[in-house]
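I would like the atomic coordinates for the input below:
(one chain, ligands or ions: 1)
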Amino acid sequence: MKQIVILGSTGSIGTSALDVIRMHPDKFSIAGLAAHSNQDILLKQAREFNVKRLALVRPYEKRTSLDDIIYGENCATELIRQTQPDIVVNGISGAAGFLPSLETVRHGATLALANKESLVIGGSFLKSEAEAQSARIVPVDSEHCAIFQCLVGEEHNDVRRIILTASGGPFWQTPRKDFPRITPEQALNHPKWEMGKRITIDSATMMNKGLEIIEASWLFDLPINKIDVCIHPQSIIHSMVEFCDLSIKAQLSNPDMRLAIAYALFWPQRLALDLEPIDLSTDLVLELLPPDTKKFTSITLARHAMQQPRSLPCIMNAADEVAVQAFLKGRLRFDQIIPVVEKTMDALSGWKIDNAPEVMDLDHEARHKAEEFIR
Ligand SMILES: NC(=O)c1ccc[n+]([C@@H]2O[C@H](COP(=O)([O-])OP(=O)(O)OC[C@H]3O[C@@H](n4cnc5c(N)ncnc54)[C@H](OP(=O)(O)O)[C@@H]3O)[C@@H](O)[C@H]2O)c1
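Okay, the predicted model is just below:
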C-alpha cells in the first residue's frame with residue numbers, strides 16, 4: 001500500500017483525490033491530510049479514511065480531542081516531516097503550496113503536483129532539489145498529465161513543440177469592450193470544469209494558461225517558444241505533443257480531474273476508473289482554434305515573465321492572486337486584473353533571487369505592491 005499525504009484535501013483537487021482512493025482502497029493508505037480552515041470537512045475525511053495526522057492552518061476552534069492536529073502557517077510542511085509518505089498530492093491553491101512541495105522532494109517522496117504555482121514561482125529550486133534527492137514530480141494538471149502520457153516511450157530531442165489546449169473559459173467569444181461589466185458570478189461560471197475560485201477566475205482571464213506554459217517549461221525541460229496554446233472549447237483533447245516527424249500525439253477523455261490524479265498516484269501503471277467514457281455513438285465535434293492573444297494578454301505576459309525565470313513569474317503569480325481576490329470582493333473590475341499584474345511586474349523587475357527562501361520574500365513584496373496599485 002502506498003502511503004499518501006493530501007494537501008488541500010478539502011478543495012476541488014483534494015476531494016477528487018479522495019474519490020480516487022475510495023475507488024481503490026486496497027492500493028492506498030492516507031498518512032495525513034491538510035487544509036487551510038475547513039475544520040469540519042477535514043475531520044469528517046479523517047474519520048472516513050481513518051487518518052491519524054492532520055494539519056490545519058487556521059482552526060476555528062481548538063479542542064483537546066484534536067491533539068493530533070498540527071496547527072499554523074507551516075503545518076503542511078510539518079505534516080510531511082512527521083508522516084514521511086511515499087506520495088504527496090499537493091492540491092493547495094496559490095503560492096502557499098511552494099514550501100510544502102519543496103519539503104516533499106527534500107524527503108525524496110513523489111510529488112503529485114496540482115499546485116502549478118510551486119513550479120511557476122520556484123521552478124529552478126524545486127527542480128534542482130528534486131534532482132538532488134532523486135524525487136519524482138508527476139503532474140496532476142490535466143494538460144500536463146496529457147503531455148506526460150504522450151511522452152511515454154519518446155526521446156526528449158524528438159519533441160518539436162507541445163500544444164496546451166485551453167477551454168477558453170466563459171469569455172473567449174466575449175468582445176473585449178464588454179470585459180469591464182463582467183461580474184464575479186459570471187466569471188466563476190466555468191463552462192467545463194468545477195474548480196476552486198482562483199483557478200476559475202484565472203481561466204476566465206486566461207492567466208491560468210499563462211501559468212501552465214511556465215509550469216510546462218519546467219516540467220518538460222522545454223524553452224517557452226516550444227510551448228503553444230490552442231483553444232479547444234469541448235475540453236476533450238487535454239493537450240498534444242508534436243514530434244520532429246510532425247506526428248502529433250494527443251490524450252483524450254471526458255473532463256474529469258480524477259483521471260489525471262489517478263495517473264499521477266499509480267504511475268507508471270494505470271488504474272481502472274469508474275468514470276464516464278467518451279460517447280462515440282453520437283456526433284462528436286472537436287474544435288481547435290488559435291487563442292486571441294490581443295484580447296487575452298496574459299499568455300504573452302507569461303512568456304515575457306520567463307525572460308527572468310527566477311523572479312518575474314513569482315511576481316506575476318503573487319500580483320494575480322491579490323488582484324483575483326480584489327475582483328472577487330468587488331474592489332477591482334475584471335478588465336483591471338491583468339493591468340495590476342503588469343504594473344507589479346514592471347515595478348519589481350529589478351529583484352534577484354538566489355535561493356528558495358527568497359522566493360517567499362519576493363512573493364510577499366509583490367503582494368504588497370499589487371495591493372498598493374489596487375488601492
Ligand atoms: N480544481 C481543479 O480542477 C484543478 C485542475 C488543475 C490544477 N489545479 C490546481 O490545483 C491547486 C488547487 O486548486 P483547487 O481548485 O483544488 O483549489 P480549492 O478548491 O480552492 O482548494 C484549495 C485547497 O487548499 C487548501 N489550502 C489553502 N491554503 C492552504 C495552506 N496554506 N495550507 C494547507 N492547505 C491550504 C484549502 O483549504 P480550505 O478548504 O480549508 O480553505 C483547500 O483544501 C491550484 O494550484 C490549481 O491551479 C486545480
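
C-alpha from now on. contacts and neighbour counts both.
Noted.

Residue of the stretch 201-350 of the chain nearest the ligand, please.
In the stretch 201-350 of the chain, the residue that lies nearest the ligand is M257 (5.7 Å; Cα to the nearest ligand atom).

correct me, but that residue touches S142?
Yes - counting by Cα atoms under 8 Å, M257 does reach S142; the two are 6.6 Å apart.

Which strand or helix spans L33?
Taking DSSP states H and E as the criterion, L33 maps to strand 28-35.

Is that strand in proximity to the ligand?
Yes - on the criterion Cα under 6 Å from any ligand atom, strand 28-35 is in touch with the ligand at 34-35.

Sheet partners, orientation included, of that strand?
Using DSSP bridges, the strands paired with strand 28-35 in its sheet are strand 2-7 (parallel), strand 53-56 (parallel).

now those in a markdown table, with distance to the ligand and mean pLDDT?
A markdown table is the format used below for those (distance: least, Cα to the nearest ligand atom, whole Å; pLDDT from 0 to 100):
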| stretch | distance to the ligand | mean pLDDT |
| --- | --- | --- |
| strand 2-7 | 6 | 98 |
| strand 53-56 | 6 | 96 |
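
Pull up the residues of this structure that are close to the ligand.
7-13, 34-38, 57, 76, 91-94, 96, 114-117, 141, 195-197, 199, 257.

which ones among these are found in strands?
Among the residues of the chain next to the ligand, the ones falling in strands (DSSP state E) are 7, 34-35.

per-residue confidence averaged over stretch 30-38?
In this model, stretch 30-38 has an average pLDDT of 97.

Report pLDDT for Y60.
As predicted, Y60 sits at a pLDDT of 70.

From the ligand, how far out is it?
10 Å (Cα to the nearest ligand atom, to the nearest Å).

Checking that residue next. Helix, strand or coil?
Look at Y60: counting by DSSP: H, G, I helix; E, B strand; the rest coil, its state is coil.

Pretty sure it sits against Q39.
Yes - if you go by Cα under 8 Å, Y60 and Q39 touch, sitting 7.2 Å apart.

Who has more neighbours out of the two?
Neighbour tally, Y60 and Q39, criterion other Cα atoms under 10 Å: the higher count belongs to Q39, 21 against 11.

one step back: list the ones among the residues of the chain next to the ligand that fall in helices.
Among the residues of the chain next to the ligand, the ones falling in helices (DSSP state H) are 12-13, 76, 117, 197, 199, 257.

where exactly do the helices run in the protein?
With DSSP H as the criterion, the chain has helices spanning 12-23, 39-49, 75-83, 98-106, 117-132, 142-150, 184-187, 197-205, 207-219, 257-266, 298-305, 312-328, 337-347, 356-374.

How about residues contacting the longest one?
Identification of contacts with helix 356-374 by Cα atoms under 8 Å, 6 or more residues apart in numbering yields 95, 121-122, 125, 311, 314-315, 318-319, 322-323, 326, 331-332, 340-341, 343-344, 348, 351, 353.

Select only the buried ones of the residues you listed in ChimeraX?
With 16 or more other Cα atoms under 10 Å as the criterion, this ChimeraX line picks the buried residues out of these:
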select :95,121,122,125,311,314,315,318,319,322,323,326,332,340,341,343,344,348
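
re the thing from before, what angle do the strand holding L33 and helix 12-23 make?
Between the axes of strand 28-35 and helix 12-23, defined by axes from the mean of the first three to the mean of the last three Cα atoms, to 10 degrees, the angle is 160 degrees.

show me where pLDDT drops low in this structure?
Within the chain, the ranges that satisfy pLDDT under 70 run 61-67.
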